[in-house]
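Engineer: here is a sequence together with a model predicted from it:
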Amino acid sequence: MTDLTDLPDLAVRTHGGTVMAASDEFFADKENLIKPEPPTFQPHTFTPKGQQYDGWETRRRFGRGEGNDWVVIRLGAPGIVRAIDVDTAFFLGNYPQACRIEATGAEGYPAVDDLTDWFELVPTSPLAGGTHNVFTVDCPVRVTHLRLHILPDGGVARLRVHGEVVPDPRLLTRVPFDLVATLNGGRVTDCSDSFFSPPSNMLQPGESRFMADGWETARRRDDGHDWAVVALACPATALIAELSTTHYRGNFPDRVSLSGSSGGSEWFPLLPQTRLQADTTHRFRLDGDRPITHVRIDSHPDGGIGRFRLYGTPTEQAVHGLVERWLNALPESQAVAVLAAAGLAPVPRPVADVTDLVKPLLA
C-alpha cells in the first residue's frame with residue numbers, strides 16, 4: 001500500500017469528521033464534502049436555487065466583491081496529513097480556479113472563532129474541473145482541523161484528507177482499547193482479496209451500515225481461504241476479539257481463526273477455527289499472553305465480515321512510544337498547552353526519552 005491515497009481519510013464522516021463552518025453554501029451544502037460515498041450527478045434536477053450538485057457550492061463572488069470562500073473541517077481522526085484530494089467531480093463550469101489549504105492543532109473542542117495558529121499545508125494551487133486534484137503534503141505536524149480556501153468561489157464535490165492517525169494517548173489509558181481501530185492507528189497491511197469491499201472497512205467506528213460497509217471477498221472455487229493482516233496501533237497483548245457479520249446472511253464465513261505476530265512474519269494462534277453465525281456480533285476471549293504487533297484474520301473459506309475489534313493492553317514500551325510520537329507531532333502551541341495542563345514546563349522537541357513525562361501526561 002504505497003499510494004498515499006490508500007491511507008485512511010482523516011476527515012470522512014464515518015470516522016467522525018464534521019464540517020464546522022463555511023463562508024457560504026448557497027447552492028450546495030458544505031456537509032457533502034466529507035460524505036463517504038463517491039459523488040453522483042443527476043442532470044436536470046433543479047431546486048429553486050438551480051441544478052442540484054452533490055458537493056459544496058458557493059454563490060458567484062468573482063467581480064462582485066473581494067475575498068474568497070472557505071470551509072473549516074474538524075478531523076474525526078487527528079493525525080499527520082500526507083495527501084489531500086480536492087475532488088471537483090461534475091463541477092465543470094463552476095469549479096474554483098485554485099485552492100489553498102491550512103491546518104491547525106487544538107486541544108478539546110474549540111469553536112471556529114477560537115481556532116488560531118493556522119499554518120499552510122498546500123499553497124495556492126490551480127484546480128481542474130471534473131477530476132481528482134491530489135496534493136502531496138510534507139508536514140510532520142499532527143493536526144485536528146483543516147481550512148480549505150477556494151479561489152474565488154465555486155464547487156467542490158469531496159475533500160479527502162489522507163494521512164497517518166496519531167491518537168491522543170491520554171484517551172487510550174485506563175479504558176478498553178481497540179488495538180485495530182482506524183481511529184486509534186490500526187491499519188490493514190495486506191489481504192488475499194477485496195473484490196466486493198476492502199478489509200479496511202472492518203476497522204471503521206460504529207456498526208456496519210450495510211453489506212458493502214464491511215469486508216467481502218469474491219466466491220472461492222479452490223481449496224484455499226481468504227485472509228487479511230492488520231497492523232495494531234501499538235504492540236500489545238490481545239485479550240478479546242469481536243467479529244461482526246452484520247448484514248451478511250447468505251455470504252458470511254463458515255469459520256474464522258486469528259493469529260498473532262511480533263513483526264508480521266512468524267505467526268502463532270490466538271483463536272482456533274471457530275464457526276460463525278449470520279448477521280451476528282461474536283465475542284471471543286483469546287488465550288494468547290504474548291505481545292503482538294500484527295493480527296491475521298483467516299476467513300474460511302470466504303465471505304463477509306462487517307466489523308473487527310481487538311481489545312487488549314499495550315505494553316509499557318508501547319505506551320511510551322505512543323506518547324513520544326504524539327508529543328513530538330503536536331504543533332508548538334498545543335504542545336506547550338498540553339505540558340502546562342500536566343504541570344510540566346516546556347521541553348525542547350523532539351523528545352527522545354519520555355519516561356519522566358508519561359505519568360503526569362496520562363494522569
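Structural biologist: Structure's in. What do you need? Numbers count the residues shown, from 1 in each chain.
Engineer: ok, residue 159 to residue 74 distance?
Structural biologist: 13 Å (Cβ to Cβ, to the nearest Å). (C-beta placed from N, C-alpha, C; glycine too.)
Engineer: which helix runs longest in the chain?
Structural biologist: In the chain, with assignment by DSSP state H, the single longest helix is helix 316-329.
Engineer: picking up where we left off before, more neighbours, residue 159 and residue 74?
Structural biologist: With other Cβ atoms under 10 Å as the criterion, residue 159 and residue 74 differ in neighbour count, and residue 159 comes out ahead with 26 against 21.
Engineer: that one contacts residue 34, correct?
Structural biologist: Yes. Because the distance of 6.5 Å satisfies Cβ atoms under 8 Å, residue 159 is recorded as touching residue 34.
Engineer: list residues touching both of the two?
Structural biologist: With contacts taken as Cβ atoms under 8 Å, 6 or more residues apart in numbering, residue 159 and residue 34 have 11, 73 as neighbours in common.
Engineer: got the buried residues for stretch 335-344?
Structural biologist: Buried residues in stretch 335-344, counting neighbours by 16 or more other Cβ atoms under 10 Å, are found at 335, 337-339.
Engineer: closest to residue 113 out of those residues?
Structural biologist: Checking the buried residues of stretch 335-344 against residue 113 with Cβ to Cβ, the nearest one is residue 337 at 17.7 Å.
Engineer: just want the angle from the helix or strand hosting that closest one to helix 316-329.
Structural biologist: If you go by DSSP states H and E, residue 337 is part of helix 332-341. Helix 332-341 and helix 316-329 meet at an angle of 130 degrees, taking axes from the mean of the first three to the mean of the last three Cα atoms, to 10 degrees as the criterion.
Engineer: got the contact list for stretch 168-181?
Structural biologist: Taking contacts as Cβ under 8 Å, 6+ apart, the residues outside stretch 168-181 that touch it are 78, 184, 186, 203, 205, 230, 232-234, 236, 238, 295, 308-314, 319, 322-323, 326, 361-362.
Engineer: what's the mean pLDDT across that stretch?
Structural biologist: The predicted model gives stretch 168-181 an average pLDDT of 89.
Engineer: buried stuff in it?
Structural biologist: For stretch 168-181, the buried set under the neighbour-count rule, 16+ other Cβ under 10 Å, comprises 168-170, 172, 177-181.
Engineer: CA atoms of it as CSV?
Structural biologist: Once non-C-alpha atoms are left out, stretch 168-181 reads as follows in CSV (Å, rounded to 0.1, in the frame of the first residue of the first chain):
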residue,chain,number,x,y,z
ASP,A,168,-4.0,11.0,21.8
PRO,A,169,-2.6,8.5,24.4
ARG,A,170,-4.4,10.3,27.2
LEU,A,171,-7.7,8.9,25.7
LEU,A,172,-6.3,5.3,25.5
THR,A,173,-5.3,4.6,29.1
ARG,A,174,-7.5,3.0,31.8
VAL,A,175,-10.2,2.3,29.2
PRO,A,176,-10.9,-0.6,26.8
PHE,A,177,-8.5,-0.1,23.9
ASP,A,178,-9.4,-1.3,20.5
LEU,A,179,-6.0,-2.2,19.1
VAL,A,180,-7.1,-2.3,15.4
ALA,A,181,-9.5,0.6,15.1
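Engineer: how far out from the middle of the chain is it?
Structural biologist: 16 Å (Cα atoms, centre = their mean, to the nearest Å).
Engineer: check which helix or strand covers residue 81.
Structural biologist: For residue 81, the host element (DSSP H and E) is strand 69-87.
Engineer: tell me the helices and strands packed up against that strand.
Structural biologist: strand 18-22, strand 98-104, strand 119-126, strand 132-136, strand 142-151, strand 158-165 (3 or more Cβ pairs under 8 Å, 6 or more residues apart in numbering; DSSP states H and E).
Engineer: can you dump the C-alpha atoms of that strand in CSV for me?
Structural biologist: This file holds the C-alpha atoms of strand 69-87, laid out as CSV (Å, rounded to 0.1, in the frame of the first residue of the first chain):
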residue,chain,number,x,y,z
ASP,A,69,-14.8,31.3,0.1
TRP,A,70,-13.7,28.9,2.8
VAL,A,71,-14.8,25.9,4.8
VAL,A,72,-13.5,24.6,8.2
ILE,A,73,-13.4,20.9,9.0
ARG,A,74,-12.7,19.1,12.2
LEU,A,75,-10.9,15.8,11.6
GLY,A,76,-12.5,12.7,13.0
ALA,A,77,-9.1,11.2,13.3
PRO,A,78,-6.4,13.7,14.1
GLY,A,79,-3.1,12.9,12.5
ILE,A,80,-0.3,13.7,10.1
VAL,A,81,-1.6,14.6,6.7
ARG,A,82,0.2,13.0,3.7
ALA,A,83,-2.1,13.8,0.8
ILE,A,84,-5.3,15.8,0.1
ASP,A,85,-7.7,15.2,-2.7
VAL,A,86,-9.8,18.2,-3.8
ASP,A,87,-12.3,16.3,-5.9
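Engineer: for the residue lying closest to residue 280 once chain neighbours are set aside, what are its contacts?
Structural biologist: Ranked by Cβ to Cβ, 6 or more residues apart in numbering and with sequence neighbours excluded, the top spatial neighbour of residue 280 is residue 245, at 5.6 Å. Under the criterion of Cβ under 8 Å, 6+ apart, the neighbours of residue 245 are 252-253, 276-282, 304-306.
Engineer: returning to what we had before: inside strands: which ones of the contacts of stretch 168-181?
Structural biologist: Using DSSP state E, the subset of these located in strands is 78, 230, 232-234, 236, 238, 295, 308-314.
Engineer: between the residues you listed, which sits nearest residue 119?
Structural biologist: Out of those, the one with the shortest distance to residue 119 is residue 78. That distance is 15.0 Å, counting by Cβ to Cβ.
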